[in-house]
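>>> Provided below for reference: sequence and predicted model.
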Amino acid sequence: MDIAVCIKRVPETAEAAVNIDSSEKRIVEDQLVFDINEADNYALEEALLLREKEEGEITLFTVGPEKSDEVMKMGLAKGATRGVRITPENLDSIDSYTIAKLLAEQIKEGKFDIILTGCISSDAGNSQVGVTLAELLGIPHASLVIKMELEDGNAIVQRELEGGLLEELKIKLPAVFTIQTGINEPRYASILGIKRAAQKEIKVVGHITGEGMKTEIVKMYYPPAGKMAEILEGGPDEVSGKLCEVLKGKGLL
């Protein structure tokens with residue numbers, strides 16, 4: 001059972017100030033902390049759990065700069081076998097389709113039974129790479145997977161639908177699955193694993209150009225400021241009186 005896992009190095013922006021650079025097409029990254037994309041971390045853990053049940057190897061793939069080796073090495077420390085970093089010369093301008101195309105060109109060279117990606121990236125939020133990758137490889141896929149079991153050359157998966165519904169599918173392998181957060185509990189890398197990761201291979205694919213882009217970022221900007229919340233001040237009686245007046249004014253009392 002050989003598994004490919006696509007991971008991405010992304011900035012952690014939840015508690016950081018995010019600024020747009022002068023080109024109005026990118027954010028300023030100098031002061032940001034980077035880590036593995038959250039959903040990709042769950043995809044990696046799912047690969048490790050599957051490998052514990054079925055013998056095989058796990059290969060990590062990423063499209064990104066040299067600094068992406070940081071998250072690649074952490075994945076290797078957790079138990080992945082090897083890594084492949086793809087760094088095209090026009091990295092700053094490629095779109096989701098081109099990323100999927102670059103990944104497909106490398107993944108199709110191996111004989112992988114399962115290809116896992118996160119269901120969404122926390123920076124771009126497009127949810128396009130996994131499903132596009134499946135189409136380019138010409139194999140079936142399932143997205144937003146929250147449970148997976150293997151059975152006689154098939155994968156039995158559950159996936160989330162709108163409105164809280166779940167869907168169960170039986171999919172013949174090889175196939176692509178985009179993994180939803182919460183499917184498992186990602187492990188931490190051990191000290192021994194970190195030491196061993198230094199001896200594992202990271203193949204670098206460079207001197208190429210990502211071609212066939214379908215989309216282009218025209219402009220990034222902050223959303224216009226809306227109405228600010230009104231804070232009612234004073235003691236309990238005073239605040240409750242003010243609140244009643246506000247509700248009456250809006251016709252709710």
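Received, thanks.
>>> The longest strand anywhere in the chain pairs with which strands, and in what direction?
Here the longest strand in the chain is taken by residue count, with DSSP state E as the criterion, and it is strand 141-151. Using DSSP bridges, strand 141-151 pairs in its sheet with strand 154-160 (antiparallel), strand 175-179 (parallel).
>>> what pLDDT does the closest residue to Ser190 other than its chain neighbours get?
In this structure, Ser190 finds its nearest non-sequential neighbour in Ala77, 7.4 Å apart by C-beta to C-beta, 6 or more residues apart in numbering. In short, each C-beta sits where N, CA and C put it, glycine included. On pLDDT, Ala77 comes in at 97.
>>> Which residues does the longest strand of the chain contact?
1, 46, 50, 53-54, 119, 127, 130-131, 133-135, 155-161, 166, 169-171, 173, 175-180, 182-183 (C-beta atoms under 8 Å, 6 or more residues apart in numbering).
>>> model confidence over it, on average?
97.
>>> wouldn't Val157 be in contact with Phe177 here?
Yes - counting by C-beta atoms under 8 Å, Val157 does reach Phe177; the two are 6.5 Å apart.
>>> who has more neighbours, those two?
Between Val157 and Phe177, counted using other C-beta atoms under 10 Å, the more crowded position is Phe177 (28 against 23).
>>> residues contacting the more buried one?
114-117, 130, 141-143, 145, 148, 155, 157.
>>> next one: Val176
Contacts of Val176 by C-beta under 8 Å, 6+ apart are 115-117, 130-131, 133-134, 137, 139-142.
>>> try it again with 6 Å
115, 130, 133-134, 141 (C-beta atoms under 6 Å, 6 or more residues apart in numbering).
>>> what does Leu161 give?
So Leu161 contacts Glu167 (C-beta under 6 Å, 6+ apart).
>>> got it, and Leu173?
Neighbouring residues of Leu173 by C-beta under 6 Å, 6+ apart: 113, 153.
>>> Relative to Ile139, how far out is it?
Plainly put, Leu173 is 8 Å away from Ile139 if you go by C-beta to C-beta, to the nearest Å.
>>> Now do the contacts for Phe61.
With C-beta under 6 Å, 6+ apart, Phe61 has these contacts: 4, 6, 84, 103.
>>> Check what pLDDT it gets.
For Phe61, the model assigns a pLDDT of 98.
>>> Name the SS class of it, please.
Three-state call for Phe61 (DSSP: H, G, I helix; E, B strand; the rest coil): strand.
>>> could you give the mean pLDDT of stretch 161-168?
Averaging pLDDT along stretch 161-168 gives 94.
>>> circling back to that earlier point, would you turn the contacts of Phe177 into TSV with distance to Gly241?
Formatted as TSV, the contacts of Phe177 follow (distance: C-beta to C-beta, whole Å):
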residue	distance to Gly241
Ile114	63
Ile115	62
Leu116	57
Thr117	55
Gly130	55
His141	58
Ala142	56
Ser143	52
Val145	53
Met148	56
Ala155	61
Val157	56
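>>> which among those gets closest to Lys242?
When those are ranked by distance to Lys242 (C-beta to C-beta), Ser143 comes first, at 48.0 Å.
>>> would you list every one of the helices in this structure?
For the chain, the helices defined by DSSP state H occupy 38-53, 69-78, 96-107, 129-137, 191-197, 236-249.
>>> re earlier: let me know the closest of the contacts of Val176 to Asp237.
Ranked by distance to Asp237 (C-beta to C-beta), the contacts of Val176 are led by Gly130 at 56.2 Å.
>>> Quick check, that closest one in contact with Cys119.
No - under the criterion of C-beta atoms under 6 Å, Gly130 makes no contact with Cys119, lying 7.1 Å away.
>>> and the two? which has more neighbours close in?
Gly130 (28 against 24).
>>> ok, now how distant is Ala142 from Gly79?
The value you get for Ala142 to Gly79, if C-beta to C-beta is used, is 24 Å.
>>> For Ser23, find the nearest of the helices of the chain.
helix 96-107 (18.8 Å).
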